[in-house]
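>>> would you be able to build a 3D model of this:
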Amino acid sequence: MATYKKRGYKPKSKEEEVEQVEDQSTTAEVFNTLDEGASKTEEWVAANQKYIFIFIGVVAFIVLGYLGYQKLVQEPKEQEASNEMFRAQQYFNDAVTGNEKISDSLYGLALNGGEGKYGFIEIIENYGGTKAANLANYYAGFSYLNMSKYEEAIAYLDEFKSDDQMLGPLALGGIGDAFAQLDQPEQALSYYVKAAETKTNSLTTPKFLLKAAITALSLDKADVAITYLERIKEEFPSSVEANQVEVHLGRAKAATN
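I've put the predicted structure just below:
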């Protein structure tokens, strides 16, 4: 009986048949290995099921505990701290914009409280970990700075942490001002540079670049001063500080000759 052959059909050689058998064998080995791995995993899970459930329970407890703490403890604490901040901020604003003769008294009220309300210091002590307490460090620092209590100003401003475009640089610059008043120009220069570089904007950056340049000149670092002054001239030509650049630049260049 004739055997039908498809067009183009070519019988496999012995070598090809051997290769096919080897491929099938390899595939079988892979699946067997996977089956063995899966079996071992199942055995491990079965043997450690108790500990797995305990681990999952602990993780769930931690997550739920954290969420509960945020909702039931931290949020009310944040709200209470913000309410206490309101009066202290009013005292601070009145001190900044009001009569200089009574400004120290108003800063004192802002720091220590009045009318049955906490001041910044009590807010820091009683509401640690809140946004309000962090902001209170900022206000307390500038209150002390404006009262010429420079070491206290440094201590509180150093505790303030912020990514804000304005507040972060201003706090660092405030530390620089305090060091300048304490006649520690090297430290002042360091903080002015940090204040200029931590965030770039058209208000705080040229402000602290100029202070850095003037402080550098006082330290006989004319080349450093020129670098900061040139940056103001090139990057912030419309700033208030740019109007003073040529005067200080002339001083700096004369010092290098």
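>>> domain ranges for the chain?
If you go by automatic domain parsing, the domain ranges for the chain are 51-161, 165-257.
>>> what kind of secondary structure is the residue sitting nearest the centre point of the chain in?
Central residue of the chain (C-alpha atoms, centre = their mean): D163, 5.0 Å from the mean position. Secondary structure, DSSP: H, G, I helix; E, B strand; the rest coil: D163 is coil.
>>> quick one, what contacts it?
Contacts of D163 were listed using C-beta atoms under 8 Å, 6 or more residues apart in numbering, and none were found. For glycine as for every other residue, the C-beta is placed from the backbone atoms N, C-alpha and C.
>>> distance of it from P169?
Separation of D163 from P169 (C-beta to C-beta, to the nearest Å) stands at 11 Å.
>>> same check on Y144?
Distance from Y144 to P169, by C-beta to C-beta: 19 Å.
>>> what packs against the helix or strand containing D223?
Element membership for D223 (DSSP states H and E) is helix 222-235. On a contact count with 3 or more C-beta pairs under 8 Å, 6 or more residues apart in numbering; DSSP states H and E, helix 222-235 meets helix 204-218, helix 242-256.
>>> let's go with 10 Å and repeat that
Secondary-structure packing of helix 222-235 (3 or more C-beta pairs under 10 Å, 6 or more residues apart in numbering; DSSP states H and E): helix 185-198, helix 204-218, helix 242-256.
>>> any idea of the mean pLDDT for the last one?
Just to be clear, that refers to helix 242-256. For helix 242-256, mean pLDDT is 93.
>>> gap between it and the chain center?
Computed by C-alpha atoms, centre = their mean, to the nearest Å, the chain-centroid distance of helix 242-256 equals 35 Å.
>>> now do the buried residues in the helix or strand where Q79 lies.
In this assignment (DSSP H and E), Q79 forms part of helix 75-97. Neighbour-count burial for helix 75-97 flags 77-78, 80-81, 84-85, 87-88, 90-92, 94-95 (criterion: 16 or more other C-beta atoms under 10 Å).
>>> now these in CSV, with distance to L210?
What follows is the buried residues of helix 75-97, written out as CSV (distance: C-beta to C-beta, whole Å):
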residue, distance to L210
K77, 41
E78, 37
E80, 41
A81, 36
E84, 37
M85, 32
R87, 35
A88, 31
Q90, 32
Y91, 31
F92, 26
D94, 29
A95, 26
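>>> what is the lowest-pLDDT residue among these?
Among the buried residues of helix 75-97, K77 has the lowest pLDDT, at 68.
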